[in-house]
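1. What shape does this take:
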Amino acid sequence: MKFGCCGGIEEIELIASGGAEFIEFTVTGIMQSEIEKIKKELDRVNLRAYSFNVFLPGDLHITGPDVDLKKIDEYVKEALRRVSFLGGEIVVFGSGRSRSFPEGFSRDTAREQIIEFLKIVDKYAREFNIKIAIEPLNKKESNIINTTLEALEFARAIDSPNIGVLIDSYHADLEGEPLSNIEKIKDKLYHVHVSDRGRVAPGKNNYDFKSLFNALKAAGYNGCISIECRWEEKAKELPESLEYLRKEWE
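-> Numbers count the residues shown, from 1 in each chain. Model (predicted):
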């Protein structure tokens with residue numbers, strides 16, 4: 001199993017030296033940066049940019065009364081072009097602010113809007129050979145797609161090999177989602193995020209990683225795992241967390 005870490009462009013050196021096998025940038029971050037310079041820095045420290053999260057800026061709404069499909073299309077095309085240039089293989093679609101629909105708005109309409117968005121995404125994901133992992137978020141961060149089974153419904157609605165699902169231990173734990181759901185989503189499980197309880201660094205609290213990892217193994221998961229958490233002292237904690245996760249996996 002390959003373990004990576006979510007981080008900013010300015011953390012390339014730190015994450016490489018911390019022992020991660022890849023870095024997970026934000027899409028919004030690389031949209032504001034010179035990707036040629038990022039690529040050179042990744043090559044210098046021999047670090048992969050395998051996965052990307054924070055797909056959409058919060059003010060680019062994909063549900064509600066003010067959706068601009070032309071603007072969305074242009075953004076997605078450029079975003080996935082940049083991800084492809086950096087060698088990315090996975091883009092995580094969480095983006096709770098963008099996908100949450102306004103109070104009083106039809107949930108069914110919002111669902112159809114998300115499907116329309118995913119069709120646009122799929123078009124460019126196919127072009128750039130990138131897989132999209134729909135991320136369930138807890139109800140405090142999104143009012144739609146809160147479990148892996150709900151994410152799976154959206155993936156199946158598109159019916160594309162480029163559209164799948166992510167499981168995040170933090171969100172699943174908050175929502176009380178059973179690990180047995182991993183078996184139900186196994187054919188579409190494209191990526192995994194982990195943190196310890198309270199979203200602290202793995203190994204600092206009491207989350208049951210052994211059970212999570214056993215469920216992933218039983219489902220035949222062969223993707224990668226990213227640490228996405230709040231750090232107190234990242235340079236110190238990252239190597240410790242990676243060592244802890246690797247031991248738990250073994």
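
2. C-alpha from now on. contacts and neighbour counts both.
-> Noted.

3. Now do the spatially most central residue of the chain against Thr26, distance only.
-> For the chain, Val92 is the residue whose C-alpha lies nearest the centre (Cα atoms, centre = their mean; 3.1 Å). Shown here: Val92 relative to Thr26, a distance of 9 Å by Cα to Cα, to the nearest Å.

4. Then Arg99?
-> The value you get for Arg99 to Thr26, if Cα to Cα is used, is 17 Å.

5. before we move on, back to that, for the residue nearest to the centre of the chain, give me its contacts.
-> Residues near Val92 by Cα atoms under 8 Å, 6 or more residues apart in numbering: 51-55, 132-135, 166.

6. got it, and Glu89?
-> Counting by Cα under 8 Å, 6+ apart, the residues that Glu89 touches are 50-51, 83, 129-131.

7. hmm, try it at 6 Å
-> Neighbouring residues of Glu89 by Cα atoms under 6 Å, 6 or more residues apart in numbering: 50-51, 130.

8. So which of the residues you listed is the closest to Leu42?
-> Within these, the smallest distance to Leu42 is 11.1 Å, found for Tyr50 (Cα to Cα).

9. and the closest residue to Met31 other than its chain neighbours, what element?
-> Excluding its sequence neighbours, the residue lying closest to Met31 (Cα to Cα, 6 or more residues apart in numbering) is Ala79, at 6.5 Å. Per DSSP states H and E: Ala79 is located in helix 69-85.

10. Switch the contacts of Val92 over to TSV; also include distance to Glu228 and secondary structure.
-> TSV is the format used below for the contacts of Val92 (distance: Cα to Cα, whole Å; DSSP: H, G, I helix; E, B strand; the rest coil):
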residue	distance to Glu228	secondary structure
Ser51	12	strand
Phe52	11	strand
Asn53	10	strand
Val54	12	coil
Phe55	15	coil
Ile132	17	strand
Ala133	15	strand
Ile134	16	strand
Glu135	13	coil
Leu166	13	strand
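
11. show me the biggest helix of this protein in terms of residues.
-> What stands out as the longest helix in the chain, according to DSSP state H, is helix 107-128.
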